[in-house]
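Engineer: Any chance you can model this:
(one chain, ligands or ions: 1)
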Amino acid sequence: MSWANYNCPVCNEVAKEALPRLGDFVEIVCETNCGRYRITGTAMGTIRYQEPKVRRALLESAKAVASADDREVPIITSYL
Ligand SMILES: [Zn+2]
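Structural biologist: Numbers count the residues shown, from 1 in each chain. Sure thing, here's the model as predicted:
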């Protein structure tokens with residue numbers, strides 16, 4: 001696995017993208033704030049229009065779903 005520099009779509013800090021892409025999502029590692037998560041292409045296209053607090057809420061709900069499902073990496077699928 002390799003990494004490309006990327007701006008975190010949730011908090012806009014410098015983050016990394018896991019490459020190669022494995023499907024219709026991007027895997028991001030944001031060491032500053034958000035940790036490791038995935039975001040679908042669709043959500044990627046829409047999240048930038050959301051308020052920062054909404055983005056944060058999307059990540060939090062993705063994390064809640066991931067831990068409820070015992071999944072390793074949260075996935076942001078679309079806006080609330
Ligand atoms: Zn972030």
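Engineer: how many neighbours does Pro9 have?
Structural biologist: Here the neighbour count serves as a burial measure; for Pro9 (other C-beta atoms under 10 Å) it reads 24. C-beta coordinates here come from the backbone N, C-alpha and C atoms, glycine included.
Engineer: report the longest strand in this protein, please.
Structural biologist: When secondary structure is assigned using DSSP state E, the longest strand within the chain turns out to be strand 14-23.
Engineer: Name the residues that touch that one?
Structural biologist: Outside strand 14-23, the residues within contact range by C-beta atoms under 8 Å, 6 or more residues apart in numbering are 1-8, 26-32, 34.
Engineer: And stretch 36-52, by the same measure?
Structural biologist: 9-12, 24-30, 55, 58-59, 62-63, 73-79.
Engineer: Please flag which of those residues sit within helices.
Structural biologist: Arg55, Leu58, Leu59, Ala62, Lys63 (DSSP state H).
Engineer: Could you export these as CSV, including distance to the ion?
Structural biologist: Converted to CSV, these look like this (distance: C-beta to the ion, whole Å):
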residue, distance to the ion
Arg55, 9
Leu58, 12
Leu59, 8
Ala62, 12
Lys63, 12
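Engineer: As CSV, those residues with pLDDT, distance to Ile39 and neighbour count would be great.
Structural biologist: Putting these into CSV (pLDDT from 0 to 100; distance: C-beta to C-beta, whole Å; neighbours: other C-beta atoms under 10 Å) gives the following:
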residue, pLDDT, distance to Ile39, neighbour count
Arg55, 95, 10, 22
Leu58, 95, 9, 24
Leu59, 96, 9, 24
Ala62, 95, 8, 21
Lys63, 95, 12, 18
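Engineer: Check those residues and tell me the two furthest apart.
Structural biologist: Spatially, the most separated pair among those is Arg55 and Lys63, at 12.9 Å (C-beta to C-beta).
Engineer: Show me the strands in the chain, by range?
Structural biologist: In the chain, the segments counted as strands under DSSP E are 2-7, 14-23, 25-30, 35-40, 75-76.
Engineer: and the second one with strand 25-30, angle?
Structural biologist: Read that as strand 14-23. Inter-element angle recorded for strand 14-23 and strand 25-30: 160 degrees (by axes from the mean of the first three to the mean of the last three C-alpha atoms, to 10 degrees).
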